[in-house]
Each structure stands twice: as C-alpha cells, then as structure tokens.
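J.: Give me a 3D structure for the following:
(chains A and B)
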Amino acid sequence: MTAIALPDTRNVEDWRYAPQAALAELWPLEAPEAVTVQAGQTFARAIVLESDDVVQLDLTLEAGARAAVHVVNAGAGYGRVAVTATLGEGADFQFGGVQLGGGTASREIVASVTHAAPGATSRQIMRSVVAGQASATVLGRIAVSRGANGTDAEQSIRAMLLDRTAVANARPELEIFADDVKCAHGCAVGELDAMGLFYLQSRGLEPARAKALMLQAFLAEALVGVEDEERLLALALARLEALL
Amino acid sequence: MLVIDNLHAAVAGPNGPKPILKGLSLTVNAGEIHAIMGPNGAGKSTLGYTLGGRPGYTVTGGSVSFEGQDLLALPAHERAAAGLFLGFQYPVEIPGVSNVHFLREALNAQRRQRGEAPLSGGEFLKLAREKAALLRLDMDMLKRPVNVGFSGGEKKRAEMVQMGILDPKFAVLDETDSGLDIDALRICGEGINAIMRHPGKAVLLITHYQRLLDYVKPDFVHVLADGRIVRSGGPELALELEREGYEALEGTGA
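T.: Residues are numbered from 1 along each chain as shown, chains lettered A, B, ... in the order given. A predicted model of the protein is given here:
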C-alpha cells in the first residue's frame, strides 16, 4: 500500500475538525472496508468504538437491498466513523449514530448517502452529547443522482452541550440532481432545558438522574429499531452516566 | 410545619438580580390550608419557586424552616424528599419521557433519599392507577410523555396525580386553578382535598380567584403585595377581595 499523506486537517473539508495529533498516531489508515449487499439481501452492522480508532465502511446496495448501520462513538480520546452508502433502485439504508464525550475527547461521524437510482429510501439520525472540552462533529451528506426519482431521504442531526466549553460541529449537506425527491433534514445544537431540569428535580430526582432521563430519550432516537437496540442503548447510557 | 421569616429574594434578570420578595413572613401549621392572593407581579410565583429551590431565585435575607429543618440549605431534589411539593403554574413538557417512568423514578429517588425501600413496578402501577382515577385522568395519558400534547386542564390534573403519587407533607400550589374549566376545577379541588386534607399535612394555595376556594376551603387567606404579606384573615377575606378588588385594599393603606 502506498503511503497516503496525512491530510492537512485545516484544509480538507471532511477532516477539518479532526485533531491532527490524535490522527497522526493512527495514520496511515487501512483502506475502508468495502461491502456490497446483493440484490434483495440485507446487511446489519453495529460499530462500537472502544479506543482511539477510525472505522471506515463503504457500502454498495444493489437493487432492493437493505442495510442498517448503527454507531456508538463513545470510546477513549478520538473516535471517527466514516460510512458511505451508494443505493441502487429501491434499496433502503438506515443509519443511526450516537456520540458521547467528555474531557478533551473528539468524536466524528461522517456519513454520506448517495441515491444513485430511483425509488431508494434512506434515514440518518445522529445524536451527540458532549461535556467538558470535548467536541462532537457530524458531517452528513445526502446526494441524489440525476434520474434518481422517487428518492425518499431523511437526515436529522442534533447535539446537546452539557457545558458551554464543549463543541458541536454539524454540517448537513444535500446535493440533489433529480426532480421528484423527498429529502427531509433537520439540524440543531442546544443545551438541556433548564426549566425541564428543575421540574424533574422538584419531583425528587437527583440532578444527574434528571439529566440522564432527559438525554436518554434524546439518544434513543438514533437507535430505534436496531436489532440489538437494548445492548447498544445500555452501552450508550452507561457512558452517559459517566459524563453527568 | 413551615415558618417563613422575613424572606427576601431576588430573581435573575437581564439587568442583574431584581428584588421581588421584600420581607415576607408566614407560618403554616400542620392541618392548615392557607391561600395566598394578590395582584400580578406581587411575588406569588416567586414565593413558590423560591420555596422549591429554582435556580436563578436567590434568597438575599431571612429564613425558611420546614419541620425544623433549614429548607433553603437543601437542593431542590432534597426539598422534595423532605416532603415539599411544588405544583407548577405552567407544568413543563418533557419530550420522550413517559409519566409512568418519570414518576416511578421520582418516587423511588425520594424513597431512597429517605432510606425507604423502592416500590416495585407492580406496586407503583397500582398506586398510579388509583391516583389517576381520583383525578379522572385516563391511565393512557400517564403512559405518554410528560405533559407533551396535554391540554391546559390535563396538565393541571396530571400535576395533581403527581402530587397524589408522591404524597408530600406540604404542597405549594401555584395557580392550579388557572386554565381549568368548571368541571376540571371541581375535580382538581376535590383531588387537593383528598390528597392533602390531613392533620399531618398542609397546603399553600396561590391563586388569583376566589373560585378554587369554593372547593378547597382555606383556613387562612393572605394578601401578598409588593413582596410582603400586607393583610391576613379568614376565608371571608377572599370574598371581600373578590368584591372590592386589590385596589381598594391598597387604598386603605394596608
């Protein structure tokens, strides 16, 4: 494998939020894992990052294929998951990502979905919770190729800052070259509702439990309907408890 | 049970803290229901939030003792565990968190803080069903997210169901009657009586109007104006206020 230069993280858009020093430790990266889901077949993958890591997955979905990828990015210092999916006619792609970080942790999800043929459906739900001086980045892309009519795509990116020193970057991107498409998208960065927190505490919940309860539902949105939803959610909630 | 002595409190605002309570004193004994009335901006809600421990409401003087304990030294959740319940004028919506889940966690958090054993899921549901029936709130409502999509009246009834489940010793009810139609007002009034009319409990009822007091008969009525109790009396005071208004009262130099 020829060595690939470490990207200048300031100038390359997909890498601009990546911490250069942490990335240098992991460089050079392995080539992305390439998976083709054959016509009418299904594929499911849960990616849980435990330590500093970059996971890259390139999916090609043939006609009528279905794939679901769910991510819990809550390991040690730096974690990045980059997933691309190219959808054939009538294919379906579901992506859910949860990112949690405190201290100086850095989290990144880069998801790019290309609707290359008509009638495919896709959904991307990303939820980040960051505390301390941690950062969470979500770059989410929907591309609809010329002629990919009947596309039904959805993307929702939301981040919650537990401290005002934490950082959330969100870049929703839609590139549409077909006419008859539906692309719903939403993006928001916010803080926990102070009145809601007081309300829960006024009923006897300790501050950390009140926050956990409010964030539990927020995170769960990204993991609804996954095969091992309970395991992934339990894992995410355990990491969440540690942040509060 | 509750002794408020010369309480001064300020509320955080865009131009710094603004003094709202200016020397409020009030004693509520077990078994009593007190009503607090007063014009807009007098500090009624501020009194409720200050007793409840809402962030941004700073006590600048005076003291509040609850069953001999310094209430103001406790964070909000410990006040709840000590037996204080604050009924919100505008109950807050918590998307994604079901009433049943929230209330079971809240009740068990209180019990844990008091060193009591938690209720099992079955025991809790039985209790919740009983209190929902008391307020004639459909049990299905309690399976939905907290206050989300509830009408004004449903929120207030849900608030009273919460009070029934948590079974506090002392309830501060901030305009529980606002936004209620006539039937809901009666149901809430009866609920307050059923839950809180008890020799070992007490209620501070904050209201603008006499009508709730037709159902929940107060032992004492106080008028709060400009951060202080300016007049106290029996239930007849509420009727007098309803007839004469607050302006007449201020005119007498009260």
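
J.: Spatially nearest residue to residue A:132 (excluding sequence neighbours)?
T.: residue A:102 (4.6 Å; C-beta to C-beta, 6 or more residues apart in numbering or on different chains). C-beta coordinates here come from the backbone N, C-alpha and C atoms, glycine included.

J.: Next, count neighbours for the one you found.
T.: 20 (other C-beta atoms under 10 Å in any protein chain shown).

J.: How about residue B:130?
T.: Neighbours of residue B:130 under the rule other C-beta under 10 Å: 12.

J.: Figure out how far the helix or strand harbouring it is from the centre of its chain.
T.: Using DSSP states H and E, the element containing residue B:130 is helix B:121-134. Relative to the mean C-alpha coordinate of its chain, helix B:121-134 is positioned 22 Å out (C-alpha atoms, centre = their mean, to the nearest Å).

J.: Buried ones in it, by neighbour count?
T.: Judged by neighbour count using 16 or more other C-beta atoms under 10 Å in any protein chain shown, the buried positions of helix B:121-134 are B:124, B:127, B:128, B:131, B:132, B:134.

J.: swap in stretch B:70-84?
T.: Residues of stretch B:70-84 classed as buried under the neighbour-count rule (16+ other C-beta under 10 Å) are B:71, B:72, B:74, B:76, B:77, B:78, B:79, B:80, B:81, B:82, B:83, B:84.

J.: Then stretch A:216-226?
T.: Within stretch A:216-226, the residues scored as buried using 16+ other C-beta under 10 Å are A:216, A:218, A:219, A:220, A:222, A:223, A:226.

J.: Let me have those residues in JSON lines, adding distance to chain B and secondary structure as columns.
T.: Formatted as JSON lines, the buried residues of stretch A:216-226 follow (distance: C-beta to the nearest C-beta, whole Å; DSSP: H, G, I helix; E, B strand; the rest coil):
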{"residue": "A:216", "distance to chain B": "7", "secondary structure": "helix"}
{"residue": "A:218", "distance to chain B": "7", "secondary structure": "helix"}
{"residue": "A:219", "distance to chain B": "10", "secondary structure": "helix"}
{"residue": "A:220", "distance to chain B": "7", "secondary structure": "helix"}
{"residue": "A:222", "distance to chain B": "12", "secondary structure": "helix"}
{"residue": "A:223", "distance to chain B": "13", "secondary structure": "helix"}
{"residue": "A:226", "distance to chain B": "17", "secondary structure": "coil"}
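
J.: of these, closest to residue B:92?
T.: Nearest to residue B:92 out of those is residue A:218 (C-beta to C-beta; 15.8 Å).

J.: and that closest one, what does it touch?
T.: Residues counted as contacts of residue A:218 (C-beta atoms under 8 Å, 6 or more residues apart in numbering or on different chains) are A:127, A:129, A:158, A:160, B:96.

J.: top of those by neighbour count?
T.: Neighbour tally across those (other C-beta under 10 Å): the maximum, 30 neighbours, falls on residue A:129.

J.: Give me the phi and psi for that residue.
T.: With angles defined as degrees, to the nearest 10, residue A:129 sits at phi -130, psi 120.

J.: Ok, the one 3 residues further on next?
T.: When quoted as degrees, to the nearest 10, the phi and psi of residue A:132 stand at phi 60, psi -130.

J.: Chain B contacts on chain A?
T.: Along chain A, the residues adjacent to chain B under the rule C-beta under 8 Å from any C-beta of the partner chain are A:193-196, A:198-207, A:209-210, A:213-214, A:216-218, A:220-221.

J.: quick one, phi/psi of the closest residue to chain B within chain A?
T.: Across chain A, no residue is closer to chain B than residue A:217, which sits at 2.4 Å (C-beta to the nearest C-beta). Per-residue torsions, residue A:217: phi -70, psi -40 (degrees, to the nearest 10).

J.: ok, now residue B:188?
T.: Taking degrees, to the nearest 10, you get phi -70, psi -40 for the backbone angles of residue B:188.

J.: Kindly tell me how buried it is, as a neighbour count.
T.: If we define neighbours as other C-beta under 10 Å, then residue B:188 has 25 of them.

J.: How much space separates it from chain A?
T.: Counting by C-beta to the nearest C-beta, to the nearest Å, the gap between residue B:188 and chain A amounts to 18 Å.

J.: Contacts only, for that residue.
T.: By C-beta under 8 Å, 6+ apart, the neighbours of residue B:188 are B:135, B:156, B:157, B:160, B:176, B:177, B:180, B:212, B:215.

J.: How confident was the prediction at the residue nearest to residue A:132?
T.: At residue A:102, the model reports a pLDDT of 96.

J.: Mind checking which of the contacts of residue B:188 are buried?
T.: Buried members of those, scored by 16+ other C-beta under 10 Å, are B:135, B:156, B:157, B:160, B:176, B:177, B:180, B:212, B:215.

J.: still on that earlier bit, tell me the one among the contacts of residue A:218 nearest to residue A:176.
T.: Of all those, residue A:176 sits closest to residue A:158, with 22.3 Å by C-beta to C-beta.

J.: Name the secondary structure element that contains that closest one.
T.: Residue A:158 belongs to strand A:151-161 when assigned by DSSP H and E.
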